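In: predicted structure and sequence below. I'll ask about it afterward.
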Amino acid sequence: MKTHVTRIAVAAAITSAMLPASAGAARLDDHAAIAATRPQELIVAADMPAAERARLLAPVDAFYGFWANGSATLLARAIGADFVDHTLPAGRPQGPSGPAAASKAFLGAVPDLKVTVVQRLVVADRVVSHLRFTGHFTGSFGGRQGRGEPVDFIATDIVRVRDGRITDNWHLEDNLTFLQQIGMAAR
């Protein structure tokens, strides 16, 4: 299958540079959160029409904007009522309330969270995003209070989009690195 690559790293860098360095994730409005999480590299199946790509990516853009600012509005635009997390971590509720709980906990731990979508692959009804999360552990997590420890780890998501909403998610985060960085796991 042939693909074409659209590089938008320059636009992402300009958007990033326009945001104040001290702006916390919760301070990003929805528009800024979506702009800040545009992929640095977008790889799309060559046979996918532009209008179909736009429809497929609208909820995906809202989903990563949501991870950057925790907006309930963006989450509602992103995922369907029938959303299923196929790699559900222990203790996280299934369905739309799962990402809401995870975001609240993570933004509570890393209030200055920056979500970078390094690359995104788009084929049929699936979107794969390679992500990088950075910030500082200044909040609390698992009963531990942060002291400004730097956080920098990666994740990969595979999402399925149907009828304008994300219905399925398979994800893998480098949680061990995160826990090591905040002092909750041995290095």
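Out: Received it, and whenever you're ready, just let me know what you need. Numbering: from 1, shown residues only.

In: so the nearest residue in space to A72 that is not next to it in sequence, which of the three states?
Out: Distances taken as CB to CB, 6 or more residues apart in numbering place A100 nearest to A72, at 7.1 Å, with adjacent residues excluded. Where C-beta positions appear, they are placed from N, C-alpha and C, glycine not excepted. Secondary structure assignment for A100 (DSSP: H, G, I helix; E, B strand; the rest coil): helix.

In: quick one: A100 from I79, how far?
Out: 10 Å (CB to CB, to the nearest Å).

In: these two: which is more packed in?
Out: Counted by other CB atoms under 10 Å, A100 and I79 do not tie: I79 has more neighbours, with 27 against 18.

In: now that one, nearest residue through space, not along the chain?
Out: Closest to I79 by CB to CB, 6+ apart is I166, at 4.6 Å.

In: likewise R120?
Out: Take R120 and drop its neighbours on the chain: the residue closest to it by CB to CB, 6+ apart is P39, 4.0 Å away.

In: how far away is the residue nearest to I79 from D125?
Out: From I166 across to D125, the span is 10 Å (CB to CB).

In: pull up the overlap in contacts between the two.
Out: Shared contacts of I166 and D125, defined by CB atoms under 8 Å, 6 or more residues apart in numbering, comprise R160.

In: which one of the two has more residues nearby?
Out: Using other CB under 10 Å, the more surrounded residue of I166 and D125 is I166, with 24 against 13.

In: any idea which element that one lies in?
Out: Per DSSP states H and E, I166 falls inside strand 165-173.

In: got it, and K104?
Out: Using DSSP H and E, K104 sits in helix 97-109.

In: so what strands line up beside the following helix or strand past that helix?
Out: Next along the chain after helix 97-109, taking DSSP H and E as the criterion, comes strand 114-123. Using DSSP bridges, strand 114-123 pairs in its sheet with strand 41-45 (parallel), strand 126-137 (antiparallel).

In: distance from strand 114-123 to the middle of the chain?
Out: Chain-centre distance of strand 114-123: 8 Å, with CA atoms, centre = their mean, to the nearest Å.

In: give the buried residues for it.
Out: Neighbour-count burial for strand 114-123, counted by 16 or more other CB atoms under 10 Å, picks out 114-117, 119-122.

In: same question for stretch 37-47.
Out: 37-45.

In: I'd like those residues as a markdown table, with distance to G146 and pLDDT appended.
Out: Output for the buried residues of stretch 37-47, formatted as a markdown table (distance: CB to CB, whole Å; pLDDT from 0 to 100):
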| residue | distance to G146 | pLDDT |
| --- | --- | --- |
| T37 | 23 | 98 |
| R38 | 28 | 98 |
| P39 | 29 | 98 |
| Q40 | 28 | 98 |
| E41 | 31 | 98 |
| L42 | 34 | 98 |
| I43 | 36 | 98 |
| V44 | 38 | 97 |
| A45 | 42 | 93 |
